[in-house]
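Trainee: Below are the sequence and a predicted model for it; my questions follow.
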Amino acid sequence: MGVILVIGIITLFVIVLWRTRKGRRERETALRRHIQTLNDAWQISWQEIELQDKIGGGASGRVWKAQYRDMDVAVKMLIGDDESQSSLEFAGEIKFMQTMRHPNIVLFIGAGRTNPRAQPFLVVEFAHRGSLRHVLDDVSIEINQNRKIDFALDASKGMEFLHQLDPPRIHRDVKS
């Protein structure tokens, strides 16, 4: 009788363990599907982008003013090898931007590739007055000291938001 009870308890334990692991696998599969659905929601087809003017760039990428669904946007396109470190960093930037929602951080709209094997691009809201440096240097725009302080406060609020994330994020390219 004791042996049958032990075998029964072991069998019950194995069944519970199997069902728990099966449930975990099903939840993980559902989560992966959900994440893929969210990633697909951010996908933008290159055919929906109409490049207009180049507005910036550096060694690893170019930024263009463009039209996307009747709105002005900025499109950042990576230049170079798809296997490069900058490509990995760009993919990380896209993933990170998907999660950012703050009034003092440029709004992520979506991302995609110019074609399946081409370089990725990132689409964000367009700042109509350009960079803060451009605004500050434009003598036709009168900016009093209080407004300059407002600019500094807005920038610091965005930086504070990034630094309070878990883990904290550092911008590394703050200008003006």
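Mentor: Received, thanks.

Trainee: Helices along the chain, start to end?
Mentor: Taking DSSP state H as the criterion, the chain contains helices spanning 2-41, 85-98, 132-137, 145-163.

Trainee: Could you report the pLDDT at Arg21?
Mentor: Arg21 is assigned a pLDDT of 76 by the prediction.

Trainee: mind putting the helices of the chain in JSON lines, distance to Glu125 included?
Mentor: Placement of C-beta: from N, CA and C, glycine included. Conversion of the helices of the chain to JSON lines gives the following (distance: least, Cβ to Cβ, whole Å):
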{"stretch": "helix 2-41", "distance to Glu125": "17"}
{"stretch": "helix 85-98", "distance to Glu125": "11"}
{"stretch": "helix 132-137", "distance to Glu125": "15"}
{"stretch": "helix 145-163", "distance to Glu125": "13"}
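
Trainee: what's the distance between the residue nearest to Asn104 when sequence neighbours are not counted and Gln164?
Mentor: Using Cβ to Cβ, 6 or more residues apart in numbering and skipping the chain neighbours, the partner closest in space to Asn104 is Gly158 (3.5 Å). From Gly158 over to Gln164 the distance is 11 Å, taken as Cβ to Cβ, to the nearest Å.

Trainee: Name the residue in these two with the higher neighbour count.
Mentor: Using other Cβ atoms under 10 Å as the criterion, Gly158 and Gln164 rank with Gly158 on top: 18 against 9.

Trainee: My read is that that one contacts His102, right?
Mentor: Yes - using Cβ atoms under 8 Å as the test, Gly158 is close enough to His102 to be in contact (6.2 Å).

Trainee: right, and the helices of the chain - which one's nearest Lys54?
Mentor: Distances from Lys54 to each of these were compared using Cβ to Cβ; the shortest belongs to helix 132-137, at 14.6 Å.

Trainee: From the contact counts, what lies against the closest one?
Mentor: Using 3 or more Cβ pairs under 8 Å, 6 or more residues apart in numbering; DSSP states H and E as the contact definition, the elements that helix 132-137 packs against are helix 145-163.

Trainee: avg pLDDT for the helix it packs on?
Mentor: Averaged over helix 145-163, pLDDT sits at 91.

Trainee: Kindly report the same for stretch 104-116.
Mentor: The predicted model gives stretch 104-116 an average pLDDT of 86.

Trainee: Low-confidence regions, this protein specifically.
Mentor: Across the chain, the stretches falling below the confidence threshold (pLDDT under 70) are 1-2, 6, 24, 27-41, 59, 80-85, 116-117.
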